[in-house]
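[1] Build me a structure from this.
(2 chains)
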Amino acid sequence: MVPEQKKISRFELLMDAGYGAQKAGDILIRAFAKTGKYVYIEPMFPAEISPPPRTRPSMSGVIIRLADFDITNVGNNTDLMIAQHEIVLGRRLDDEEENPYCQILLDMEDQKDNPTTYEQVIKRVKDLGLSIIPFDLDDASKMLIRGLGGSGKNMFYIGMLTHIHNTSPQVVIDEIKLTFGKKLPQDVFDRNIKIFENGYHFAKEHVPLCYEVAGKLKNTERVLIDGNSSLSMGIIDAGIKLFSGYPITPASSIMHTLAKIFPSYGGMVHQAEDEIGAIGTAIGSYFGGVPAITCTSGPGLSLKQEFIGYAAVAEIPIIIVDVQRSGPSTGMPTKTEQSDLPAVIFGSHGDYTKIVISVSNVIDCFYAPQVARYLAEKLRLPVFIMSEFQTANSYKVIDKPKVTEMNKVEEIQDFVLERFHIQRLPDNIEMVRTNQAIPGTPGGTRRVTGLNTDQSGSVNYFSKASQRAHTVRNEKVHIVRRALTKPEMFGEQEGEVLVAGWGSSRGVIEEAISLCQAEGLKTGGIHFKIVYPLPLMLKEIFSKFKRIVTVEVAYGDEMKPSPLAMLLRAETLFDVRPILSKATGRPLTPRGILAKVKEIIE
Amino acid sequence: MAVEIQKPRTGEPLTLKSLHTENPRWCVGCGDFGVVMAIKRFMVDRQLTAAQTVNVSGIGCSGRAPNYINTYGVHSIHGRPITVALGLALARPDLNVFIESGDGDALSIGGNHLIHGINKNFNCVFLLFDNELYALTKSQTSPTTRKGHKTNTQPTGTYLDPLNPILLVLGIGPSFVATTADWMPDHFVNTLHAAFDHNGFSFVHVTQRCPHFDENNFDHKTTSWFSFLKHPQGIAPDKRIVDKAEVVEHDPTDLQSAFKLAASPRRHFGLYYINPDKPRYDEILLNQVKNTLQKPRTKLLDYFLL
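    As a prediction, the model looks like this:
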C-alpha cells in the first residue's frame, strides 16, 4: 500500500514492565532520528521495579511523537497504540489521551485465558468510537519467544511499528545491533532479529496501516538526550566539582550518570546517609570555595529546608536541583507535577531569600547549572533548579549544544544568560558580612553562623542589625528582579487571553498559541524560566490582555489558585486564574489548552 | 588528622591571644571554657596555621565554640556539623577540620550523621561535649542524662538509663576513640595531639560539667570515680592527678578489651581504641579523581551523539 504522508504523528507502545517497552522506544526513536525525523519520547513506567505482570500497576510504555518540524513537547492525543494485552490497554484508556480516530492494535495472545476481560476492553474501545485491530503473533515467533524464556515480544512490536511507519528495516536492525549487539550471544541476537523481521512482515501483510513522516532534519551533529542526562552534563560544564545526593526518584539518574563519569572531569560524587546530610556536605564544600550541588525531589526537598535557610543566612552559595514528582508526601514518584513552587519559595522558615530557575526542555537542563552557579556565587544565596519528572525522563534529538567549559562564574556567556532572560549582575553586591574569605586565605579567618550577625560577622541580636541583614539579603533578590528581561512570549502581545506557564509547559504553550491563532483567537502566551523573583514589567504586559490565565500541572480550583496563579496574583494584583490545573500526573497538551481558551472566550 | 604537611608559617607565631575572638557567652563554671582553652593550647603547641583550620559545630552550648576560636568556622544547624565537615574534607583536604558537637547534637538529632561519619572515617577531630543534658534550651533530658535526674521535660526524674556513647561508637567500627574531661587540661591537650595525629575520624568524648543545670553530676575535685587508661601507644594520664587516680593498663588495639571497659559502670579516660588501617572515604573519593585520566570538557556531549 502507498504510505500516507503525515506532518506529525503520535503513537504508544504499552507493555508489562520488564518486557522491554523502554528499550523498544529507544531503538525506534534512534532509528527515526537517523532517518531525519524530529522525535520526542515520553516514557511511562511504574514506581516499583517489577510489579506482577498483567496488572494495572505493571504498565510500562512509551509515547513517541514524530514530526517533520521541531517539536517541543509530547503533544496531543495518540493516533496509534500497540498494547501487549487488554489490562495495559484498559489502564491507558483511563488517561483519555487518544484521538477520536485512534487505531488500537491489541495483541490477542492472552485472550484464551481471559476472554471476559478482553471482551470488556474491546467493547469499551468500540463504545469510544475507536478502531480496534486485534492481532496474534505467528506461531514461529511465539516459538522463538518461548525459546527466549518469554522475552523478545518487543522485537515483534518494533517490527510492526517499523513497517507501519514505512521505515527501512535495515536502519532499525542497525540500532538493535547497537543496543544489544555486544551484550547478547550471537544466536540469541539472531533470534531477536528474526522476531523483528516476522513482526515487520506480519504488519505488511495483516495491518492495513502505513504512513510516513518526512525526514527533514539536517545532517548536523546531533545528540539524543534526556533531561536528567543533560543536567548531569551541564553540572560538569558549569565547573561544579562536588555532587552530593541521596537516592530519590526521579532525581537519582543524575547521580548515576555522574557516578560513572564525574571523576574524569575532576568531580566527586558523594552518596550521603540522608537528604539532610547531602545538602550539608554540599554546603561544606561551597564554604571551602569548591562549587557543589545537591539534587532531590519533593520528600527530599522538605528535609533539606532547614539547611537551605541556613545557607541564605550564612551566605554560603548552594545549588539545589528539585526534579519534581507528583506530591504531596510520597505521592506518585514516577508521575510529573509542578507543585513544588510554593515549597521552594516559602519552604524554609522565616524570611529567607532564594532564586528559583526552571527548565523547559533538555537544552535548558544543560545550561541551567551555569546560571544557577553564577547567581549562587554572585549573591551567596541558595539557587534552585526546578525540573520535572516529564522533562527529566523525556528524550529528544537536538543539535549538539555548545559546551562552554566554565571555570569562574564571570566567564558565563551572554547567550546562556539570555536563554534564561537575565542580564549580567553588577560587580559589587553588598553582603551581610563584609569578609567573605574562603578558608586558607591568610588574615581572613571568619566564622559563619545561622544566628543574626552584623557586618563584622559577630552575633548580633539587636534590632538594627537584624533589620539591616534582612534588607541586604532582600536587596540581593531585588538585584535579580531588576536584571530580569522580558520573559519569552508567544503569539499576540495584546488581546483576549494571555496564557502563562513555567517549566515544562513552554513547548505546550507555544504550540497551543499557534493553534489558537490558527482559529483566529486573539491570544498570547508567556513563559517564565526564572520563576522567583519575577520581572518588574509584568503588570505592563498583563494590562494588554483581558484575561490572564495559567496552565499548570498542579492542583487548583475555583477557590484555590494553583501555585503559579497564586504567585502572579500576589505579584501583580491581576485576577489570574488557572484554566488547566490538574493533579493527574500527566503532562499538559496543546489541544487541551486550546479547548479551555475557546471555552473562556465564548 | 595531620595528613597534609603544615604550610610554612608567615608572620607572627600563633598565640592564645591571637586565637582569641571575644569573651564567650557561657555560664560561670561551664566546662566549655576548658574545652576551648584545650583546643587553643593544642593549636599553639603545634603552631597550626589558623587560616588553614576550620571549626565546625552544630547547635547548643557546644555549637558556640567556633565563635570563640580565631580560625575559620561554621556554626551550622542542629545535629548536622558532621555533614558540613565532610564537605570541607572532600573539597579542601589541605585544611585542619575540627568538629564541636554535644550529646543532644550528636547522639539525638544528629545520631545518623555520627554513625556515618565514623563509618566513613573521613579525616577530622570530632569532639563530643557531653554534659549529659540539653542546656542552651534550659535543662531537658538528653540521650545521656542519668536516670532519675530531674529536668524540665521529665520533672519527676529522667525515665531511662542513659545511652552509652562509648559502647555505641565502638559498635560502629571506629578508627579512633578517646575520652577526656574538661577539667584536665594536660590530658585534654595530649588527647588532641593523639586525635590530630590519627588519620581518620578521631572521636573524642569529653566529660563536661554543667554547674548551672546539674552541679552534682561530675565531681571534678575527687578522683575515686574514674581511672586513666595507660599504654605506650596510648595517651598519658593527666600529670597533675595521676598520683591520685587509678591507672588501668589497656592496649588500644584490643577492641574486646575496649568494649569491656566501656561497658563497666566506671568512667575511663584515655585511648580506648585505635585502628590506623581503616579505609578513609574522603581519601577514596579524592584518589578516584587523582587516579582517573582527566578528560577535557570539549567532547562532553559526545556520549550522546546519535
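[2] Check whether the residue of the stretch 101-250 of chain B found nearest chain A sits in a helix, strand or coil.
    When distances are taken as Cβ to the nearest Cβ, the stretch 101-250 of chain B reaches nearest to chain A at B:His116, 3.9 Å away. From N, CA and C alone the C-beta is placed, and that goes for glycine too. Following DSSP: H, G, I helix; E, B strand; the rest coil, the label given to B:His116 is helix.
[3] With adjacent residues omitted, what lies nearest to it?
    Leaving aside its sequence neighbours, B:His116 sits nearest to A:Glu273 (Cβ to Cβ, 6 or more residues apart in numbering or on different chains; 3.9 Å).
[4] quick one: that neighbour from B:Ile166, how far?
    Per Cβ to Cβ, to the nearest Å, A:Glu273 is found 22 Å from B:Ile166.
[5] again with A:Asn192
    A:Asn192 sits 60 Å away from B:Ile166, going by Cβ to Cβ.
[6] List the residues that contact A:Val323.
    Counting by Cβ atoms under 8 Å, 6 or more residues apart in numbering or on different chains, A:Val323 touches A:228, A:250-251, A:254, A:295-297, A:387-389, A:392.
[7] follow-up on the earlier one: how many neighbours does the residue of the stretch 101-250 of chain B closest to chain A have?
    20 (other Cβ atoms under 10 Å in any protein chain shown).
[8] Check A:Lys596 too.
    Using other Cβ under 10 Å, the number of residues around A:Lys596 comes to 18.
[9] got it, and A:His256?
    Neighbours of A:His256 (other Cβ under 10 Å): 13.
[10] do the one 5 residues further on as well
    Using other Cβ under 10 Å, the number of residues around A:Ile261 comes to 17.
[11] Can you classify it by secondary structure?
    Going by three-state DSSP: A:Ile261 is helix.
[12] Tell me the spacing between it and chain B.
    Using Cβ to the nearest Cβ, to the nearest Å, A:Ile261 is found at 8 Å from chain B.
[13] who touches that residue in this structure?
    Per Cβ under 8 Å, 6+ apart, neighbours of A:Ile261: A:236, B:303.
[14] before we move on, what about B:Thr153?
    B:140-141.
[15] Could you rerun that using 10 Å?
    B:Thr153 makes contact with B:133-134, B:137, B:139-142, B:145 under the criterion Cβ atoms under 10 Å, 6 or more residues apart in numbering or on different chains.
[16] ok, now B:Val36?
    Counted by Cβ under 10 Å, 6+ apart, B:Val36 has contacts B:19-20, B:24, B:26, B:30, B:55, B:62, B:64-69, B:100, B:182.
[17] Out of those, which end up buried?
    The neighbour count (16 or more other Cβ atoms under 10 Å in any protein chain shown) marks B:19, B:26, B:30, B:55, B:62, B:64-69, B:100, B:182 as buried among the contacts of B:Val36.
[18] about what we covered before: kindly reformat the contacts of A:Val323 as a markdown table and extend each row with secondary structure and distance to chain B.
    Formatted as a markdown table, those follow (DSSP: H, G, I helix; E, B strand; the rest coil; distance: Cβ to the nearest Cβ, whole Å):
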| residue | secondary structure | distance to chain B |
| --- | --- | --- |
| A:Asn228 | helix | 12 |
| A:Pro250 | coil | 19 |
| A:Ala251 | coil | 18 |
| A:Ile254 | helix | 14 |
| A:Cys295 | strand | 15 |
| A:Thr296 | strand | 14 |
| A:Ser297 | coil | 19 |
| A:Ser387 | strand | 17 |
| A:Glu388 | strand | 20 |
| A:Phe389 | helix | 20 |
| A:Ala392 | helix | 15 |
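[19] JSON lines for those residues, including pLDDT and neighbour count?
    Below are the contacts of A:Val323 laid out as JSON lines (pLDDT from 0 to 100; neighbours: other Cβ atoms under 10 Å in any protein chain shown):
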{"residue": "A:Asn228", "pLDDT": "98", "neighbour count": "27"}
{"residue": "A:Pro250", "pLDDT": "97", "neighbour count": "24"}
{"residue": "A:Ala251", "pLDDT": "97", "neighbour count": "27"}
{"residue": "A:Ile254", "pLDDT": "98", "neighbour count": "28"}
{"residue": "A:Cys295", "pLDDT": "98", "neighbour count": "30"}
{"residue": "A:Thr296", "pLDDT": "98", "neighbour count": "24"}
{"residue": "A:Ser297", "pLDDT": "98", "neighbour count": "26"}
{"residue": "A:Ser387", "pLDDT": "98", "neighbour count": "31"}
{"residue": "A:Glu388", "pLDDT": "98", "neighbour count": "29"}
{"residue": "A:Phe389", "pLDDT": "97", "neighbour count": "30"}
{"residue": "A:Ala392", "pLDDT": "97", "neighbour count": "29"}
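[20] Show me which of those is closest to A:Leu303.
    Closest approach to A:Leu303 among the contacts of A:Val323 (Cβ to Cβ): A:Thr296, at 8.0 Å.
[21] that older thread, of the contacts of A:Val323, just say which sits nearest to A:Ala437.
    A:Cys295 (28.6 Å).
[22] Wait, the closest one touches A:Gly245, no?
    Yes - using Cβ atoms under 10 Å, A:Cys295 is in contact with A:Gly245, at 5.0 Å.
[23] thinking again about what came up before, in the contacts of B:Thr153, find the pair that's most separated.
    Taking Cβ to Cβ, no two of these sit farther apart than B:Thr137 and B:Thr145, at 13.1 Å.
[24] Spit out the residues that contact these two alike.
    Residues touching both B:Thr137 and B:Thr145 by Cβ under 10 Å, 6+ apart: B:104, B:153.
[25] Settle it for me: which of those two has more neighbours?
    B:Thr145 (29 against 13).
[26] Next SSE downstream of the helix or strand harbouring B:Ala258?
    Here B:Ala258 sits within helix B:255-263, counting by DSSP states H and E. Counting by DSSP H and E, the next helix or strand C-terminal to helix B:255-263 is strand B:267-274.
[27] Flag every buried residue along that following strand.
    B:268-274.
[28] and it, C-alpha only, in CSV?
    Extracted in CSV, the C-alpha atoms of strand B:267-274 (Å, rounded to 0.1, in the frame of the first residue of the first chain):
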residue,chain,number,x,y,z
ARG,B,267,34.4,6.0,83.8
HIS,B,268,37.8,5.7,82.0
PHE,B,269,39.8,8.5,80.5
GLY,B,270,42.3,7.7,77.7
LEU,B,271,42.7,6.0,74.4
TYR,B,272,40.0,3.2,74.1
TYR,B,273,40.7,2.2,70.6
ILE,B,274,42.8,2.9,67.6
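[29] That'll do, ta.
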